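Engineer: When you get a sec, could you give me coordinates for this:
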Amino acid sequence: MRPVKLLFALALVTLVALGVVAVATAQSDDEKVVLTIGTEDVDSFNPLVGVEVPDYEAWNLHYATLTDKAAADFATTPGLAESWEASNGGKTYTYALRDGLEWSDGTPLTAAEIAWNINRGRKEQWAHSYSTVQNLTATAPDDRTLVIASSVPDPKLPTMDIYLLPEHVWGKLDEAAITKYDGQDGVGSGPFILTEYKSGQFWRMVANDNYWAGRPAIDEVVFRIFNNADAMVAALESGEIDAAQDVPANAFERLSGVEGIVTVEGQQGNVDEVAINGGAGLKKPHPALLDLRVRQAIAHAIDDQTIIDKVNAGIGKPALTFSPSPDPTWLPDIPVADQYTFDLDKANQILDDAGYADTNGDGVREMPGGGEPLNLTFAVRTDSQIAKPIAEFVKGWLDQIGIAVAFDLMNESKLTEVIGKGDYDLFHWSWTPFVDPDPMLSYFTCDQVASDPDNPTDYYNDANWCDPEYDELYKQQNVELDPEKRREIVHEMLTRFYKAAVYDNISQNPDLQAYRTDRFTGWLQQPADVGPVIFSNTSPTYFNLKPIEGASSSSSGLSTAAIVALVVAGVLVLAGIAWMLMRRRTAGERE
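Structural biologist: Got it, this is the predicted structure:
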């Protein structure tokens, strides 16, 4: 009898708890305006170490910037600074901050804290800001005046869009500790502040009463994490979420015909690539990959258009170089004769001529002279819906040129560490660039290759490629004020990178998104007409959204009606299904 009594007691406790939650939820749901977004998990809330798109979305909302960007065209607009003036031939800018700026915890936000961000970021080479501040020195004559002086001509100024961290929180951390900090202190200056994070489930951000532009109309934004994209689409259709990021290509076309849902192909320079280890990292790849001819053969063996057609449902267009900006004028023209077009015969011929032969007849070539076989490892992201299919296509093509491929499955966080260690041969991922090309270009300089085995995630150069000539060109474009001359330098840089064959840039892909029209108005594309509405460069949609009068808002958990239904069901069947309620609720949280 004891197990039965225990179940009965658990049922009663569960029902009481559910009843309390139902009342509390009824009160809060009626008062709060909650926006729910379907997405993938965050890598890090620390802007010094995170690299993934969801991370930037959280930072965009949590941290204000000195200058902002217009939703329509990325034009530089006032942010924390209401105005600025140039002097010293454009090498010095004086910014006037808005009156009464505060962090979300009520601490004054002063020019001295902004200067601290710039100077410490330069000194310690903070990954998220170093390309912007490397030549800058900042001073604060008073609380509302910030002076930024550049040691060289700077084509990016007066734009200053680095994430500004609260010195009274982050200043307590030394150089080693600051890159290991989780960034979940809840102190920010953006329109929404991070208040809760459940790994694999959701993160919650609440409206910032101290935001310089005023309190948002939305009370909370809940980013609900989905490991299954089809489940995310179903949640959008049922109204559990208000918008979805990275909608699967096979569901995108169907959603475009669903009443009350708007689909968006957001163009902002995204490029998918298959990366080949360039060998400059902490560990070396298969020795064959250090041979440019082998990398060229691999590039010729990958059919980008087939991947677009078969994996991406025909969405996107083939890419040559990586895209450093949403502005396509930064992309060079690569003559057809110099392109790594799909040609298996040519790939085989390159390897034959280079001395990579299959001497034992097992279908796999060996190093010249009959050495180590060409068995490569492809690191495959389990978080991605398309990484595995792309890897399978690549494996099939490489098999036809005598290169064997084995898969190593891992999540994105693990892959970030593996890439930093240089412990890979191939992987698939994608980039979304900033507006100015400089940050993206800086990622592939030699000093962005991971160099600390104890901190392998402190890097951006995921190609593990180092070219001193590329580095020299980077320095030139970094100080070139003539837009056309700077563009020519960038074209030369991207051409060198392309010829190195460490990236097979598969496609320029839009962000596939969808949102409901029954709860909120004010969805903004950035840039106008062609860009995404969420997960964009500065994420202006969230502050612009307004609830539709009379519409209910979605929730990150169970709705009040669902909870009440569970209570009624529990009363009817008591202990007999108490364990089932617990199991279903747990499964729902995991999903």
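Engineer: just checking, D73 touches A528?
Structural biologist: Yes. Look at D73 against A528 with Cβ atoms under 8 Å: they come within range, at 6.8 Å. Heads up, the C-betas are built off the backbone N, CA and C, glycines and all.
Engineer: Name the nearest residue to E102, ignoring sequence neighbours.
Structural biologist: Excluding the flanking residues, the one nearest E102 by Cβ to Cβ, 6 or more residues apart in numbering is N210, at 4.3 Å.
Engineer: Near that neighbour, how many other residues are there?
Structural biologist: 18 (other Cβ atoms under 10 Å).
Engineer: so what's it up against?
Structural biologist: E102, W103, S104, G106, S189 (Cβ atoms under 8 Å, 6 or more residues apart in numbering).
Engineer: Output these in JSON lines; the columns should cover pLDDT.
Structural biologist: Shown next, in JSON lines, are the contacts of N210 (pLDDT from 0 to 100):
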{"residue": "E102", "pLDDT": "98"}
{"residue": "W103", "pLDDT": "98"}
{"residue": "S104", "pLDDT": "98"}
{"residue": "G106", "pLDDT": "98"}
{"residue": "S189", "pLDDT": "98"}
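Engineer: which among those end up buried?
Structural biologist: Buried members of the contacts of N210, scored by 16 or more other Cβ atoms under 10 Å, are E102, W103, S104, S189.
Engineer: hey, what's the first one bridged with?
Structural biologist: Per DSSP bridges, the residues bridged to E102 are P108.
Engineer: so it sits right up against P108, yeah?
Structural biologist: Yes. E102 lies in contact with P108 (Cβ under 8 Å); the separation is 5.9 Å.
Engineer: ok, the spatially most central residue of the chain - contacts?
Structural biologist: For the chain, the residue nearest the mean C-alpha position is V53 (1.3 Å; Cα atoms, centre = their mean). V53 sits next to Q245, T432, F535 when contact means Cβ under 8 Å, 6+ apart.
Engineer: Repeat that for N277.
Structural biologist: Residues counted as contacts of N277 (Cβ under 8 Å, 6+ apart) are K284, P285, H286, L289, G422, Y424, D425, L426, A463, N464, V502.
Engineer: at 6 Å what do you get?
Structural biologist: Residues near N277 by Cβ atoms under 6 Å, 6 or more residues apart in numbering: P285, L289, Y424, D425, N464.
Engineer: Make JSON lines from those residues and add pLDDT, secondary structure and distance to P437 to it.
Structural biologist: Converted to JSON lines, these look like this (pLDDT from 0 to 100; DSSP: H, G, I helix; E, B strand; the rest coil; distance: Cβ to Cβ, whole Å):
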{"residue": "P285", "pLDDT": "97", "secondary structure": "coil", "distance to P437": "28"}
{"residue": "L289", "pLDDT": "98", "secondary structure": "helix", "distance to P437": "27"}
{"residue": "Y424", "pLDDT": "96", "secondary structure": "coil", "distance to P437": "26"}
{"residue": "D425", "pLDDT": "98", "secondary structure": "coil", "distance to P437": "29"}
{"residue": "N464", "pLDDT": "97", "secondary structure": "coil", "distance to P437": "21"}
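Engineer: ok, those residues vs I37, which is closest?
Structural biologist: The closest of the contacts of N277 to I37 turns out to be Y424 (Cβ to Cβ; 31.2 Å).
Engineer: how far away is the closest one from D408?
Structural biologist: Per Cβ to Cβ, to the nearest Å, Y424 is found 8 Å from D408.
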